[in-house]
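**Q** need a structure here:
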Amino acid sequence: MYMSGELIAVIGLGVTMLTALAGGFGWVVHRIDRVESRIDRVDAKVDRVDARIDRVDARIDTLSDKIDALGGELTELKVEVARWTGPKSPFIAAR
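**A** Numbering: from 1, shown residues only. Next up is the predicted model:
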């Protein structure tokens with residue numbers, strides 16, 4: 001069977017293109033695996049930061065409760081001071 005040079009070149013080109021395509025696909029799969037491992041590490045870091053944020057949020061809640069309690073005590077103190085000083089009598093003339 002006789003094969004021309006052009007036919008051999010086309011068959012070689014097809015084999016080369018399929019090999020390159022398979023190699024490119026393998027490279028992409030390899031890169032995806034590496035990216036997934038990096039994503040796992042970033043997720044672990046995000047989880048640690050999320051836990052810290054939760055702890056800070058809990059501390060802020062306790063501080064907010066304490067500030068609210070102090071605000072109530074301050075209001076009570078203002079009322080007591082106002083009762084001690086009392087209103088100025090309109091019958092006493094200022095000198």
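**Q** where along the chain do the helices fall?
**A** 5-85 (DSSP state H).
**Q** Show me the shaky parts of it.
**A** Scanning the chain with the threshold set as pLDDT under 70 gives 89-95.
**Q** at 90 instead, please
**A** 1-3, 32-40, 68-95 (pLDDT under 90).
**Q** could you list every residue that touches Leu70?
**A** Listed by C-beta atoms under 8 Å, 6 or more residues apart in numbering, Leu70 has no contact partners. No exception for glycine: its C-beta is placed from N, CA and C like everyone else's.
**Q** From Val56, how far out is it?
**A** Using C-beta to C-beta, to the nearest Å, Leu70 is found at 21 Å from Val56.
**Q** now do Ala82
**A** When Ala82 is compared with Val56 (using C-beta to C-beta), they lie 38 Å apart.
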